[in-house]
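Engineer: here are the coordinates; sequence isn't available:
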């Protein structure tokens, strides 16, 4: 380390940069032209009254940067091709764009598989996303500006706690206590980038290569990918009309991943008896339950059922929630409620993953929760989505009564329906997509990748009239020989 | 799956929730008081003309939620302690807060070690962070509101590409081409949450348990923690006045992590000869170079030296940059420039880690880059920080000339100085902290955890007069028997 202390090289290193800079400036101004010969290092050293090594270092640097080329004893010449000129000319994609194979080995990573449909598809009934037209942009914009201008906002511009803004942690805890019956206080809360980060951090904390993780046989692929990246072995657990078949959970899973409120994708509610059995099992065998309550707010029939985390004497539940569906998916705000030791472990991993959250956004959202604006907005959206669910159901019964068999979903923003055996599902979906309607089928959610005669229709994103239009297109897309009004078999 | 299709249970499941909801409403209204007995399931079933199982399910649910207690044949009674009332009473931390040990095993994770000093320390010369007082909050606020209100902003509220907003990817690529000589186009860019996420994603892509990673013997701990979480074995490489001692790099590292521009923490510039040797070594042995160019903009003497990525024919470099130091650490915006295959792999992992970035923020920042506002602001900050560097140097030479030995840093926002052997470093730092000045020493950055007689003084955050004050406090904090003006040994 001694050599660093004296930094004999450092003074010169600053100097050679100055010399190199002066030369590149000459080249830019045109004082030195492509092909010009630079003075010898000795000449320039004398001229500038600097050590010759400084000039040598400067020339080396210019060669490394491509400004000049060395012809050894022949001398040093300004390059025919300037790095910067080339850069300036560069359109996008630049001709000199970083292309080709990397110079090192790397594995291939499968992203979470995208569900059918694209932004250009008029009706993406495949995508369980909210209607961005209903999102409170003005409210958010005001809150964001206030947060950015306020003193807390200033503090928010600096580095801070990996757990999230204390103000937002308290606001979320209060919301969970008053509206979900979860006895959380601020130290039980970790703010994340949407639920996906919460699932990824929990995986990194709990799982090792080979850890068995019990998952619903039809479920949420992005969560599964997080488990797999942590090395987990996914074990499917069957579903029925009461949700997860708890007594089919394998012997010793490290973790059970469940969506008890509106099962993803079937929207089934986990029955009370099953909830009790699940909690008992987890407590007895010391299993972590990863509860993904992704759309708690959107429950239409009666009040939302409290989460598993609301009655968890054994402290087995890591509760994951999100504001993406109420505020905006693009804003990425989720949260975890868990015992302090779990929060500490996840926060340490979060500090390693991306250090901390967006403090300005967190202060802004804390404000809209404290003011009750978020809750008012959630109620408004729930009413809108309930009306859309009813419109979809009416249209389906009218146009596809003989083809689709379903129950009225008690909540959520999607409808799960069985397709009549008379319809070739894949053909129908292809024809529907050709008519501008993307529909997800059970295969899109199946761990075993097998087809099952079910479709999921996500309705939140479209108005009542848009949904009626989409359903007519679905009817018109039926394969020939199917009549949409045939009585149920 | 058949049972899901008929959803025999689903109709009732919706109904039992309604029944349970009606009862909890009665309890809330006080129509049912704590200790009251509920009607028998048969009576209520007849009353409501529903199936008795529906009422049984409703009562089970109320028991599970804690609203009522069952005394078996004795009947079902309203609980003495309501879930919600208890919740409403709950202060923060709530008496029923989720406390105690979790009901499952979990490992302990060490967060990146915090550097000495806290928000309450008047002078945190230990923290290499920008001065939030200089940050362009009004500019950001305007851009954010526009992004939120604009059509692109609307789109930005929805789910999108894990690589980041296309508009921001193009803007960053253009910036790298024109100001850093990196031949990047949009498909070479991944937008991340600050440089930390870029380092974590690169680790998850490249490293396996046991992978050797070459790191600077004094360096950036949060990066090391990301490598360790991916299972890497860290191998220190010595530093001297020319930066990383390239020919001391171990035989076959999977990856070399370097800060060539202003080495973190010594601020040494990697010499041209070393740069060439490093690139040749990486190309020959197919090693990935993870180049962390964390403060490219803050170079005072001459133009910034181009990054290694500017001359990388072998495609060995994964270039990591950040806007945290120009815009605001709390906003978390960083980026990666690399060959497309690397970007695809990191984007797939990013989709798993947190799905995507904050689209509104990304659109807002794209705008301030396109308008050149970001670059103008960076120039302004560079001038301010250069003046602060000079003020610090003047004060140090005056007050601590005999104690600290240093070269003028060519850039960066920190100064690295050797401490005279006459001073007991730890004692000095303790006394300084007691006087409100936190200073980082070499140990804070050492992979081997050993002490070395150096301090790092981060000056960006404080004005010229504040720095003069801090240096006087450092002088007053010198252990007795040290004279600050003694001539250099």
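Structural biologist: Noted; the coordinates are in hand. The model shown is predicted, which means the values in this text are computed figures rather than measured ones.
Engineer: Now do the helices for the stretch 51-200 of chain A: every range, in order, please.
Structural biologist: Using DSSP state H, counting those that start in this stretch, the helices of the stretch 51-200 of chain A run over A:52-65, A:83-89, A:137-149, A:151-156, A:166-180, A:194-206.
Engineer: Most tightly packed of these?
Structural biologist: A comparison of the helices of the stretch 51-200 of chain A by mean neighbour count, using mean count of other CB atoms under 10 Å in any protein chain shown, puts helix A:194-206 on top with a mean of 27. Heads up, the C-betas are built off the backbone N, CA and C, glycines and all.
Engineer: on that earlier part again, least confident of the helices of the stretch 51-200 of chain A, on average?
Structural biologist: When the helices of the stretch 51-200 of chain A are ranked by mean pLDDT, helix A:83-89 comes last with a mean of 42.
Engineer: Which residue lies closest in space to the residue nearest to the spatial centre of chain A, excluding its sequence neighbours?
Structural biologist: Taking CA atoms, centre = their mean, the centroid of chain A lies closest to residue A:196, which sits 5.3 Å from it. Leaving out its chain neighbours, the residue that sits closest to residue A:196 by CB to CB, 6 or more residues apart in numbering or on different chains is residue B:355, at 4.4 Å.
Engineer: Now do the one you found, the pLDDT please.
Structural biologist: We have a pLDDT of 91 for residue B:355.
Engineer: correct me, but it touches residue B:161?
Structural biologist: No - counting by CB atoms under 8 Å, residue B:355 does not reach residue B:161; the two are 10.3 Å apart.
Engineer: pLDDT averaged over the helix ranked longest in chain A - what is it?
Structural biologist: Taking DSSP state H as the criterion, chain A has its longest helix at helix A:373-400. Averaged across helix A:373-400, pLDDT comes to 94.
Engineer: residues contacting the residue nearest to the centre of chain A?
Structural biologist: By CB atoms under 8 Å, 6 or more residues apart in numbering or on different chains, the contact set of residue A:196 is A:222-223, A:226, A:334, B:351-355.
Engineer: All the strands of the stretch 351-489 of chain A, residue numbers only.
Structural biologist: A:404-405, A:414-419, A:437-438, A:440-441, A:454-458 (DSSP state E, counting those that start in this stretch).
Engineer: How about the last one and chain B, touching?
Structural biologist: Yes - with CB under 8 Å from any CB of the partner chain as the measure, strand A:454-458 is seen reaching chain B through residue A:454.
Engineer: Packing partners of that strand?
Structural biologist: Packing partners of strand A:454-458 (3 or more CB pairs under 8 Å, 6 or more residues apart in numbering or on different chains; DSSP states H and E): strand A:414-419, strand A:440-441.
Engineer: same deal with the second one?
Structural biologist: For strand A:414-419, the elements it packs on are helix A:373-400, strand A:404-405, strand A:454-458, helix B:2-6, judged by 3+ CB pairs under 8 Å, 6+ apart.
Engineer: what about the second one, average pLDDT?
Structural biologist: On average, the pLDDT along strand A:404-405 is 97.
Engineer: is that strand anywhere near chain B?
Structural biologist: Yes - applying CB under 8 Å from any CB, one finds strand A:404-405 in contact with chain B at residue A:405.
Engineer: Report the strands that pair with that strand, each with its relative direction.
Structural biologist: strand A:414-419 (antiparallel) (DSSP bridges).
Engineer: cool, and the third one?
Structural biologist: Taking DSSP bridges as the criterion, strand A:454-458 pairs within the sheet with strand A:414-419 (antiparallel), strand A:440-441 (antiparallel).
Engineer: between residue B:355 and residue B:161, which one's more packed in?
Structural biologist: residue B:355 (22 against 16; other CB atoms under 10 Å in any protein chain shown).
Engineer: tell me the contacts of that one?
Structural biologist: Residue B:355 is in contact with A:193-194, A:196-197, A:222, A:332, B:159, B:162, counting by CB under 8 Å, 6+ apart.
Engineer: cool, residue A:281 as well?
Structural biologist: Neighbouring residues of residue A:281 by CB under 8 Å, 6+ apart: A:246, A:249, A:287.
Engineer: Quick one: mark the members of those that sit in strands.
Structural biologist: Per DSSP state E, strands hold no members of the contacts of residue A:281.
Engineer: Looking at those, which is nearest chain B?
Structural biologist: Nearest to chain B, judged by CB to the nearest CB, of those is residue A:287 at 6.1 Å.
Engineer: dump the residue contacts of the nearest residue to residue A:140 once chain neighbours are set aside.
Structural biologist: Nearest non-adjacent residue to residue A:140, counting by CB to CB, 6+ apart: residue B:148, 6.1 Å away. By CB under 8 Å, 6+ apart, residue B:148 lies in contact with A:137, A:140-141, A:144, B:156, B:360.
Engineer: can I get the residues you listed in CSV with distance to residue A:305?
Structural biologist: Shown next, in CSV, are the contacts of residue B:148 (distance: CB to CB, whole Å):
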residue, distance to residue A:305
A:137, 31
A:140, 29
A:141, 34
A:144, 33
B:156, 33
B:360, 33
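Engineer: In terms of distance to residue A:215, which of the residues you listed ranks first?
Structural biologist: Minimum distance to residue A:215 across those is 31.6 Å, recorded for residue B:156 (CB to CB).
Engineer: coming back round to it: next, give phi and psi for the residue nearest to residue A:196.
Structural biologist: Phi and psi for residue B:355, reported as degrees, to the nearest 10, are phi 70, psi -60.
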